[in-house]
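1. Provided below are the primary sequence and the corresponding predicted coordinates.
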Amino acid sequence: MADALGMLPNFALDRATTQRTFVRDSVMQSADPARKAAVEFESVLLSQILDEMFSGLEADGPFGGGMGEKMFRGIMNQEIAGSIARQGGVGIGDAVYKELLQLQEAKRRT
């Protein structure tokens, strides 16, 4: 079976993949603005880390390099970072979320 574009095969998802997708989608669609802000913060930070990590790499060969790669490498890094953050990240988003909750509680008490 192919997808709507007729290019990619349609594979059945295993239970673990389905569960990760559900968790990721529920985090991004939740009504909790603190959770969304924490995930976005982690995504931006990871994007900057990936930009620095790839900044010294030169893409050679017949399909690498050039102005196009320079333009799209940043976009690719943003998408990779967003994907990592939405799927649980590296723990930065959780720490930011806890801190935001503590700040909200402190603000309510005053």
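-> It's in.
2. which is the next helix or strand following the helix or strand of the chain with the lowest mean pLDDT?
-> When the helices and strands of the chain are scored by mean pLDDT, DSSP states H and E, helix 15-29 comes last with a mean of 52. With elements assigned by DSSP states H and E, the helix or strand that comes after helix 15-29 is helix 33-54.
3. give me the outermost residue of this protein relative to its centroid.
-> residue 110 (35.0 Å; Cα atoms, centre = their mean).
4. kindly export stretch 88-105 (C-alpha atoms) in PDB.
-> As requested, C-alpha coordinates have been extracted for stretch 88-105 and formatted as PDB (Å, rounded to 0.1, in the frame of the first residue of the first chain):
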ATOM      1  CA  GLY A  88      10.300  13.500  25.500                       C
ATOM      2  CA  GLY A  89      13.500  15.400  24.800                       C
ATOM      3  CA  VAL A  90      16.600  15.200  26.800                       C
ATOM      4  CA  GLY A  91      15.100  16.300  30.100                       C
ATOM      5  CA  ILE A  92      15.500  20.100  29.800                       C
ATOM      6  CA  GLY A  93      11.800  20.500  29.000                       C
ATOM      7  CA  ASP A  94      10.800  18.600  32.100                       C
ATOM      8  CA  ALA A  95      13.000  20.800  34.300                       C
ATOM      9  CA  VAL A  96      11.600  23.900  32.700                       C
ATOM     10  CA  TYR A  97       8.100  22.700  33.200                       C
ATOM     11  CA  LYS A  98       8.700  22.000  36.900                       C
ATOM     12  CA  GLU A  99      10.200  25.400  37.400                       C
ATOM     13  CA  LEU A 100       7.300  27.100  35.600                       C
ATOM     14  CA  LEU A 101       4.800  25.200  37.900                       C
ATOM     15  CA  GLN A 102       6.800  26.300  41.000                       C
ATOM     16  CA  LEU A 103       6.700  29.900  39.800                       C
ATOM     17  CA  GLN A 104       3.000  29.700  39.100                       C
ATOM     18  CA  GLU A 105       2.400  28.400  42.700                       C
END
